[in-house]
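Engineer: No letters, just coordinates:
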């Protein structure tokens, strides 16, 4: 559900491009030799500049302007890294290898995402009561299914069919825009409310077992939800131990994603960035214009 300016694949290219150009005096340094010729640092830089240069420059400058405004500590980065590594288990190292990443480069990727999150949640408030309520909600586990569609009119049509006794799985396979529904019939399995977007979780928690919801709007579209089972679960961690994690989740849920690009645009303008490479002169045009276009989009 997170919105990220930087994709993991691009991260690898950004890091490589940055490394290639970190010492202009070494541009002629030979990186590879062969019977058919050499490859220099400058050649590699030029090749990567052609393929991902503008995107890479955007990402590198986004990191710099956000880093100048917001603080992300090594402790935060390492905590996020350790959490993801634990979740993925034995497959984590393989995942990094498939993405062309090292632990060091992946931590840089994490830092960029944490910087974006801090920019997004600036000025957003979450009360202790909200944290406590979410913690209590997490003690209820739900088994549910849903149909996801693009518009409210279609959602009402789905609701009408289900109320009329239509088979849920068949309706989900026919109507749902979610690819997985073609296999699962809309089944989501067991989950706690913190695992879903707030609008979905709030609606699902309020349903009685087997009740079919009215259309629920989220960033993904319109959901028709049916909770098939509920059960209580024991929390392994206390409220105090989980509060920081819950607060962060709630902050991100409340944040207006559309504010990030205009915020980055303003920071870049304030930074008075001057691009010396003629081939990359217009790399930031879209971002710099975002702040001016934002009001018209409302």
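Structural biologist: Nice, thanks for sending it over. Values in this document were obtained by computation on a predicted structure and should not be read as measured data.

Engineer: what's stretch 210-222 in contact with?
Structural biologist: For stretch 210-222, the surrounding residues in contact (C-beta atoms under 8 Å, 6 or more residues apart in numbering) are 1, 148-152, 154-156, 159, 162-163, 177, 197, 199-200, 203-204, 207, 223-228, 257. C-beta: built from backbone N, CA, C; applies to glycine.

Engineer: which of those residues count as buried?
Structural biologist: Buried by 16 or more other C-beta atoms under 10 Å: 148-149, 154-155, 159, 162, 200, 203-204, 207, 223-227, out of the contacts of stretch 210-222.

Engineer: Which of the residues you listed fall in helices?
Structural biologist: 154-155, 159, 162, 200, 203-204 (DSSP state H).

Engineer: Reformat the residues you listed as CSV; add distance to residue 133.
Structural biologist: Putting these into CSV (distance: C-beta to C-beta, whole Å) gives the following:
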residue, distance to residue 133
154, 32
155, 27
159, 28
162, 30
200, 16
203, 15
204, 15
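
Engineer: For stretch 91-110, what is the distance to the chain centroid?
Structural biologist: Remark: stretch 91-110 is offset 16 Å from the chain centroid, using C-alpha atoms, centre = their mean, to the nearest Å.

Engineer: buried stuff in it?
Structural biologist: Residues 92, 96, 99, 101, 105-110 are the ones in stretch 91-110 that count as buried (16+ other C-beta under 10 Å).

Engineer: show me where the protein has helices.
Structural biologist: 8-20, 41-69, 74-88, 92-98, 103-121, 128-137, 152-163, 168-175, 181-184, 198-206, 239-254, 260-271, 285-293.

Engineer: Show me the one of the ones you listed that comes nearest residue 29.
Structural biologist: Across the helices of the chain, residue 29 has its closest neighbour in helix 41-69 (4.6 Å, C-beta to C-beta).

Engineer: longest single strand anywhere in the chain?
Structural biologist: strand 221-232 (DSSP state E).

Engineer: Pull the distance from that strand to the chain's centre.
Structural biologist: Using C-alpha atoms, centre = their mean, the distance between the centre of strand 221-232 and that of its chain works out at 23 Å.

Engineer: Looking at the ones in helices among the buried ones among the contacts of stretch 210-222, which is nearest residue 62?
Structural biologist: Among these, and counting by C-beta to C-beta, the member closest to residue 62 is residue 200, at 29.9 Å.

Engineer: Now the closest one: closest residue in space, sequence neighbours ignored.
Structural biologist: Nearest non-adjacent residue to residue 200, counting by C-beta to C-beta, 6 or more residues apart in numbering: residue 218, 5.5 Å away.

Engineer: Next one: that neighbour from residue 196, what distance?
Structural biologist: 9 Å (C-beta to C-beta, to the nearest Å).

Engineer: Which residue of the two possesses the greater neighbour count?
Structural biologist: residue 196 (22 against 16; other C-beta atoms under 10 Å).

Engineer: Correct me if wrong: that one contacts residue 203.
Structural biologist: No. Look at residue 196 against residue 203 with C-beta atoms under 8 Å: they stay out of range, at 9.5 Å.

Engineer: Common neighbours of the two, please.
Structural biologist: In contact with both residue 196 and residue 203: no residue, using C-beta under 8 Å, 6+ apart.

Engineer: Nearest approach to residue 192 belongs to which of the helices of the chain?
Structural biologist: helix 128-137 (7.6 Å).

Engineer: how many neighbours does residue 288 have?
Structural biologist: Per other C-beta under 10 Å, the neighbour tally for residue 288 reads 16.

Engineer: Surely it touches residue 269?
Structural biologist: Yes. Between residue 288 and residue 269 there is a contact under C-beta under 8 Å: 6.4 Å.

Engineer: I'd like the distance between the nearest residue to residue 261 once chain neighbours are set aside and residue 175.
Structural biologist: Nearest residue to residue 261, sequence neighbours excluded (C-beta to C-beta, 6+ apart): residue 290, at 4.3 Å. Residue 290 sits 35 Å away from residue 175, going by C-beta to C-beta.
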